[in-house]
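S.K.: 3D model of this:
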Amino acid sequence: MATIKEIARKAGVSATTVSNVLHGRMARVSQDTKEKVEAILDADKYAPNMGAMILASNNSRIIGVIMFMKPRRNETVLEDPFSSTILGAIEAEIRRYGYFLMLHTTSDENEVIRLSKTWKLDGLVLMWVPGSIGCVIRKSMETPLVFVDSYFEGASYPCFNVGLDDFSGGYAIATYVLSMGHRRVVFLANDKVYPGSDRTRFEGCRRAFEERGLSFNEEQYIILSKDAKERHKLYRRFIGSPPEFTALMFSADYYAVEAVSFLAAHGTRVPEDVSVTGFDDNIFSRLIRPQLTTVHQDVYQKGKKAVEMLMLLINGESVVDADVRLPVRLVVRDSVQAIAGADLG
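M.R.: Presented below is the predicted three-dimensional model:
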């Protein structure tokens, strides 16, 4: 197997430069040099000695990823395409920087703090943490830390986060539903935590209603159970003629697709009897029939941005924007039907 010195000779660079590429220390390495070295490493099938790398750099080369959520009953967190997609993006980006990923799922803030102190981590990505808990965790840790899809208000120290423009997404989907003549609408989500992604999407929906002189109140905000049987009981509420609501706006495609399937199995047609929308634009939204009208987010880009931010922190470099909110866009498909006789002008 080729050595670092042999790789350096082939690339026409120093052994230090090759070591910097292997360790992800890119501050003094140009993009062209990085690509040239990586091409030779790939061609020679170079496999670094991780023990030697850890000893030489005095770090673990391990990035922890903690998914902070309670899984749906009888399911794992990774069964949701959103979770598996963002984890895949994070792992690929971490590997590109020469690090390894350690994964854990929990909904216990004390466990997060304990693990972060007992694991020998170079950095940590913490996903879906409520802002109040995130501030406690951030204050208790010295390990470089980046949050994903978190909200912080009034923190006296920077909490680095990569999330979405959730408000605009909620506003866009509600504006479209209203434009199709729907007024009896309900919003269905995981929780009402404020500040948080679901709540912010609801507030975006509410703004769209208010701009048209319509109310969209708390009674129209329904929390979805972690238990599928309980959700199915809820979905039965939307079966019947005339329907209680003409449109169901879900905060995630997972639940929207589940509802579409349940309603179809019980003789309620989407969108002929009731319209349904989602949020995320995951693979389920494109496989279900009818295909789901939803809000698109680039999940892979979110994971990539989180790792890029974390690497800046690990290398002691400045982060220009501590709270990145990635754009979203409306995707119109087949799951919303205009209300007959409605003024769509």
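S.K.: what segments of the stretch 201-345 of the chain are helices?
M.R.: For the stretch 201-345 of the chain, the helices identified by DSSP state H, counting those that start in this stretch occupy 228-235, 253-265, 283-287, 299-314, in order along the chain.
S.K.: what about the most far-flung residue of the chain relative to its centre, helix or strand, and which?
M.R.: The outermost residue of the chain relative to its centre, with distances by Cα atoms, centre = their mean, is Arg9 at 42.0 Å. Under DSSP states H and E, the secondary-structure element containing Arg9 is helix 4-11.
S.K.: buried set for that helix?
M.R.: Applying a neighbour-count criterion of 16 or more other Cβ atoms under 10 Å, one finds 4, 7-8, 10-11 buried in helix 4-11. Yep, even glycine has a C-beta here, placed from its N, CA and C like the rest.
S.K.: from Ala2, how far off is the residue farthest from the centre of the chain?
M.R.: As for Arg9, its distance to Ala2 is 10 Å (criterion: Cβ to Cβ, to the nearest Å).
S.K.: if we can go back for a sec, now the element after the helix holding Arg9, going C-ward?
M.R.: If you walk from helix 4-11 toward the C-terminus, the next helix or strand you reach (DSSP H and E) is helix 15-23.
S.K.: so which elements touch that next one?
M.R.: Here helix 15-23 touches helix 4-11, helix 31-43, helix 50-57, going by 3 or more Cβ pairs under 8 Å, 6 or more residues apart in numbering; DSSP states H and E.
S.K.: where does the stretch 201-345 of the chain have low pLDDT?
M.R.: Applying pLDDT under 70 to the predicted model, the residue ranges of the stretch 201-345 of the chain that meet it are 341-345.
S.K.: could you list everything Phe100 pairs with in the sheet?
M.R.: Beta bridges link Phe100 to Ile62, judged by DSSP bridges.
S.K.: so what's the backbone phi/psi at the nearest residue to Asp253 once chain neighbours are set aside?
M.R.: Distances taken as Cβ to Cβ, 6 or more residues apart in numbering put Gly278 closest to Asp253, at 3.8 Å, once the chain neighbours are dropped. Reported as degrees, to the nearest 10, the phi and psi values for Gly278 are phi -130, psi -160.
S.K.: could you do Phe187 as well?
M.R.: Torsion angles, degrees, to the nearest 10, at Phe187: phi -110, psi 130.
S.K.: can you check Val328 too?
M.R.: Here is the backbone geometry of Val328 (degrees, to the nearest 10): phi -130, psi 170.
S.K.: how long is stretch 320-327 end to end?
M.R.: With Cα to Cα, to the nearest Å as the measure, the first residue of stretch 320-327 is 18 Å from its last.
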